[in-house]
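Peer 1: Here is a sequence together with a model predicted from it:
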Amino acid sequence: MSRSQNAHAQVNAGFLYQFDRNNNEVVIATRIVIGGLSAHFVHARDTEKYLVNKKIFTNEVLQEALRVLEHELIVEEIAAEMKPEYRKKTALGLFYKGLLTLIPEESLNPRYISGKRDIRKTRPISKGTEVYDTNPVIWPVNEPMPKQDALVQCAGEAKYVNDMPTEPAEVYCAFVPADICRGEIVDIDPTPALKIPGVLAFFSAKDIPGRNSFLSQKVISQLIPEEIFAEKEIKYYDQPIGLIVAETEKLANRAALLVHVKYTVNKEKPILTVSDARERDPSRITLYLIFPARDRGLDVQRVIKGCDTIFWQYHFTMEAQSCVTRPSEDGLDVFTSSQWTDSVHVGISEGLNLEQNRINVTVPRCGGAYGSKITRATHVACACALVTHLTSRPCRFVMSIQANMRVIGKRFPYTRDFEVGVNNSGEIQYLEYHGYHDHGHVASDAVTILLPSGIKNCYDNRRWQYKIFNVVTDTPSNTFARSPGTLESIAMTEYMMEQIAYEIDRDPIQVRLANFDRTYTDVLDVVQTLLRDSEYDKRRQEVDEFNRLNRWKKRGLRVAMMNWPVATVLDYHVMMSVYHGDGTVAVRHGGIEVGQGINTKVAQAIAYTLNISVNKVRCKPVEVSAIPNNFTTGGSRTTQTITFGAIKCCQLLLDRLSTIRETLNNPTWEVLIEAAYQRGINLQTSYRVTSNDQEPYRAGGAAVSEVEVDILTGETEIRRVDIVEDVGVSVNPELDIGQIEGAFMFGVGYWTTEEIKYDEKTGELLSDRTWYYKVPLAKDIPIDFRIQLRRNSYNPLGTLGSKAVSEPPTCLAVSVPFAIREAIVSSREESGYPRNKWFNIDGPYTLESIVIKSDVHLKEFLFY
């Protein structure tokens, strides 16, 4: 299976052997069935016939049986499933594995015993450790505590957009998707859909009263418009060309597929990847940036070239893209699951040609986002608002997972070429680096700007020259995804360090340290702490010894390092109100609670600054009528920035209270507030945080991952992960460690199980549901998960001495595929491949990639 549980088998098999009672090595009858190969093969009859009356536990019989089985297997291409090559190799591996479970252990070479063990059935329960500083003197800041809304979330009582009660006359809508990849619309006929009872309307671009774009140049970083509905040209498969309105959600989704559209079709094969564009249409590639080298070394002993590609990642959020719109007496009420209220506010205003002061946008909370709701939520909100505007009825638009995956863009794919000259220690003397960022059909989201600082990572880049290119393909417009741009660029730099280490046969840590920027003393301290506390040297020897003793299970141990760039962000508003009756505090701010705990950290900071209980502070939903013109929640800086604004609000209030406090004898907070109220002092404060209140900085971290791989099936378990991260003074260690664990696993999914597949001929997305797209589950997390926050750390450029935490750890998950690669290399070495020869694995390290790249020869399947 592609993950440890809740997944269909790629290949399954059953074996029944009846042995001679007088000679328990001789088979007198057998049944062999193998599934998942094709509709034309289940029963291995030829192999069954061959094995009858054979001594099965000899190498000669085993090898001949494998040859017979290999010859009779019928393996066909199955859309969205793994390649025939993988399924054939795995079928043969399962046959061999089955016999390994039957042969008497004394007759089996000890190195082969590991082949019969199912790593997923022998997996122990996961455990973990958490190491961090906490100082009770400054509590509730630096106090580990759960999120304020943790219990209501666990109880299922937290309200999201789709939990809002329905209203009388409420309607539902669904996008009408294009069913071609490239072409032009000739005619749209919604009649087949409108004939269905309960289907109320069809709207297209011609029905939009304002501007047909959900992105606006009035909103910072939104430089290129993007259509709400395609007017003429179709640029990707499933591009929305209109909207069906119906009385139920199910009916809207069904009717959307019945709208008949005539096209003139571009019959050229679609351009789906950077590789396609480079090979067939270089005009889609434009230079974005050149970063020149400032130096060049002279000690070039090896020249190494490489090319690696990583692909899409879907934002697998708990809550889909959702919006509810309602007519109001002054215009429109919008309840949206968005990370960016200003984008929604301006987008709807321009799309409907309606004044902003008539549009009331509210975000109660988001059920996860990961960047998918920065600009893409505006698309859904504009469509939903259009229905209410045209029908004067409440409308609910909740996209299905299939619609989400097909219509909404994903993480940017990235291709990187390089040529590097190194000395014998692996120190880079020069680097020529070309990076290609795949935007999808339009370069609308400003993610490429985040690449350059990630390329540098924690290394000395004086001798590095890199060029960054934007690439346009025939896919949905790609968008921000957790650690956007930086995951891609940091990973590709770490990939390069790994390749250098392999090709010059040096320890990868030493290669990294040879290129380390020594001005990053904090990151160096993190790395040294990690190597010491993870017992890296000892475990390095243990992994090598395990691989020497075992043929069919291999382990890998690898490190990843990062120095994540934390940029400044733009404006946020914070407004704090204190109620005189009981002294409780209500806060409204422009940050969106997406699960990261922003509201809890804001409450902690306010409680600390005002010297009150954190239970007296509550954050309210975001409403643009009270808190307007806010930048997006993202970049791992929003929590710090909003917290800074909240502290400023507290300081303004304390200044007002100071004169009254002096007249009272050590008053309680409640007495002080009531006295201030009686004297007419304003108990509401506000502050607008701007980029002038911030400075850029970097957040360092390092991880070491140990994995075990079943070479016969490709199944992998993560035995242990150690992470040391510098979060400065943690405002809330419990939340920060949860964010580190979650971010790391978000990355693990990207590197191991989450695979996006398109039909190369039509451009249609094939992996559009959970049957094909697998995120990690409980048994995919590390068996031993150890998180340590850097001790005695303080960030002078961060609020309360803290650093960003939500996104950086995603970049450290690249240590897992590096460890898997080491396990593969150990197996390949036994198959006769040179250890220092680099081989490409583009995209996630799936079962398929592992088995195919291990490339075990059939002659290696032996008993002794």
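Peer 2: Looks like it arrived, so ask away.

Peer 1: Identify the residues contacting the biggest strand by length in the chain?
Peer 2: The longest strand of the chain (DSSP state E) is strand 23-38. Applying CB atoms under 8 Å, 6 or more residues apart in numbering, the contact partners of strand 23-38 are 9-20, 41-44, 47-48, 51-57, 69, 73-76, 78, 81, 84, 87-88, 91, 94-95. Every C-beta, even on glycine, is put in place using the N, C-alpha and C of the backbone.

Peer 1: Give the next helix or strand downstream of that strand.
Peer 2: strand 41-43 (DSSP states H and E).

Peer 1: which helices and strands does that next one pack with?
Peer 2: Secondary-structure packing of strand 41-43 (3 or more CB pairs under 8 Å, 6 or more residues apart in numbering; DSSP states H and E): strand 23-38.

Peer 1: Test my guess that A277 contacts P270.
Peer 2: No. With contacts counted by CB atoms under 8 Å, A277 stays clear of P270, the gap being 10.7 Å.

Peer 1: mind giving me the domain ranges of this structure?
Peer 2: Annotated domains of the chain cover 12-105, 518-567+696-854, 572-693 [automatic domain parsing].

Peer 1: Would you mind putting the ones you listed into CSV with mean pLDDT alongside?
Peer 2: Listed next are the domains of the chain as CSV, based on pLDDT from 0 to 100:
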stretch, mean pLDDT
domain 12-105, 97
domain 518-567+696-854, 98
domain 572-693, 97
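
Peer 1: hey, which of those domains is tucked in deepest?
Peer 2: Of all the domains of the chain, domain 518-567+696-854 has the most neighbours on average by mean count of other CB atoms under 10 Å, namely a mean of 21.

Peer 1: so where do the strands sit in the stretch 1-150 of the chain?
Peer 2: 12-20, 23-38, 41-43, 127-131 (DSSP state E, counting those that start in this stretch).

Peer 1: possible to save those as TSV with distance to P282?
Peer 2: Putting these into TSV (distance: least, CB to CB, whole Å) gives the following:
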stretch	distance to P282
strand 12-20	45
strand 23-38	39
strand 41-43	43
strand 127-131	49
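
Peer 1: Quick check: which of the ones you listed is nearest to F175?
Peer 2: When those are compared by CB to CB, strand 23-38 sits nearest F175, at 33.8 Å.

Peer 1: what about the closest one, distance to the chain center?
Peer 2: From the chain centre to the centre of strand 23-38 is a distance of 42 Å (CA atoms, centre = their mean, to the nearest Å).

Peer 1: send the alpha carbons of that strand over as PDB?
Peer 2: Provided in PDB are the C-alpha atoms of strand 23-38 (Å, rounded to 0.1, in the frame of the first residue of the first chain):
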ATOM      1  CA  ASN A  23       9.100 -34.700   2.600                       C
ATOM      2  CA  ASN A  24       8.100 -31.300   3.700                       C
ATOM      3  CA  GLU A  25      10.200 -29.600   1.000                       C
ATOM      4  CA  VAL A  26       8.300 -31.100  -1.900                       C
ATOM      5  CA  VAL A  27       5.200 -29.300  -3.100                       C
ATOM      6  CA  ILE A  28       2.400 -31.600  -4.200                       C
ATOM      7  CA  ALA A  29      -0.200 -28.800  -4.900                       C
ATOM      8  CA  THR A  30      -0.200 -25.000  -5.000                       C
ATOM      9  CA  ARG A  31      -2.400 -22.000  -5.700                       C
ATOM     10  CA  ILE A  32      -0.900 -18.700  -6.600                       C
ATOM     11  CA  VAL A  33      -3.100 -15.600  -7.200                       C
ATOM     12  CA  ILE A  34      -1.900 -12.100  -7.700                       C
ATOM     13  CA  GLY A  35      -4.100  -9.000  -8.000                       C
ATOM     14  CA  GLY A  36      -3.500  -5.400  -9.200                       C
ATOM     15  CA  LEU A  37      -1.700  -6.300 -12.400                       C
ATOM     16  CA  SER A  38      -4.500  -6.300 -15.000                       C
END
